[in-house]
Structure formats: structure tokens, C-alpha cells
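Peer 1: This is a predicted model, with the sequence first.
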Amino acid sequence: MLDYMYALLIADATIKKYADGRIKFYEYPPTGDFSGTYIVLDPIDMDRIGDYADDTYLTEDSLVQIDIWSDSRQERNLVAKQIRKVLVDENRFSEIPGVDEWDKDTGIFRIARRYRKKVYRKDFNNL
């Protein structure tokens, strides 16, 4: 699911404009010399199997947290809304709201949301 989500995000012109080269898996940005906007995909609950028929699982359900870090609150909000548009509106993920915070010492704004999607297994038609 991570690769799929990454491909959706990087294909979007707005997200690419603000975070190109700064969309990472598991890797959080340094808080020292920070500039720009970073997107971090971090799996919370990957590929939980479910929906059985004849003792065979049919679906996989994934939960991924996406953190957006930026030195600009407006840019962070714009990217967060675009991620929601790409994942929820265009690709039928569900969204679970998360934290919205600002670190006074570093001036970094962060928002975290979780996205979930259930998909049929890739070999579904061959079962």
C-alpha cells in the first residue's frame, strides 16, 4: 500500500510542487536546519487480512499515517488538503483525523492524519 500511496501523491502536481524529493517512508525530517515541506508515510497497521469465503481471505486492509511537516502553516495546510483530495476524494481512502501542532522552539508546523483502505487481494480472480 505504501508504494501505491506514494505513486498517487507524487503524481499530483500540487503535492509534487511543494514536496518533490521530500516524500519519505518512515524517515522523519531533521528539526535543525529545516525548510520546505516534508511528507512522511508511516504504516500503522499494514495488510490486515479479512473478509473470508470458504476459509480463504479475500481482502487486505491497510492503515497508514501521513505526517506533513513544514516551516509554513499555509503551505502545510494546502498540502494536507491536497493529500485528502487525492486519497479520499479521488481514490476512496477513509481518513482518521490526527494531531495539528506547532513547535514553538523550531517554528515547525505538523499535521498527522491516518488513511485506511481495504482492497481485494491481487490474486482474487485466481482463487
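Peer 2: Perfect, I can see it now. Residues are numbered from 1 along each chain as shown.
Peer 1: Report the residue spans of the protein with pLDDT below the cut-off.
Peer 2: For the chain, no stretch has pLDDT under 70.
Peer 1: So in it, which helix runs the longest?
Peer 2: helix 73-84 (DSSP state H).
Peer 1: Against which helices or strands is it packed?
Peer 2: In terms of contacts (3 or more CB pairs under 8 Å, 6 or more residues apart in numbering; DSSP states H and E), helix 73-84 is packed against helix 13-19, strand 37-53, strand 56-70, strand 108-120. In short, each C-beta sits where N, CA and C put it, glycine included.
Peer 1: ok, Asp71 to Ser62 distance?
Peer 2: Distance, Asp71 to Ser62, by CB to CB, to the nearest Å: 30 Å.
Peer 1: Between these two, which is the more surrounded one?
Peer 2: Using other CB atoms under 10 Å, the more surrounded residue of Asp71 and Ser62 is Ser62, with 20 against 15.
Peer 1: Using the three-state scheme, assign Ala7.
Peer 2: helix (DSSP: H, G, I helix; E, B strand; the rest coil).
Peer 1: Could you work out the end-to-end span of stretch 77-92 for me?
Peer 2: By CA to CA, to the nearest Å, the extent of stretch 77-92 from end to end equals 21 Å.
Peer 1: what would the helices and strands packed on helix 73-84 look like in TSV with distance to Val99?
Peer 2: Conversion of those to TSV gives the following (distance: least, CB to CB, whole Å):
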stretch	distance to Val99
helix 13-19	19
strand 37-53	13
strand 56-70	9
strand 108-120	5
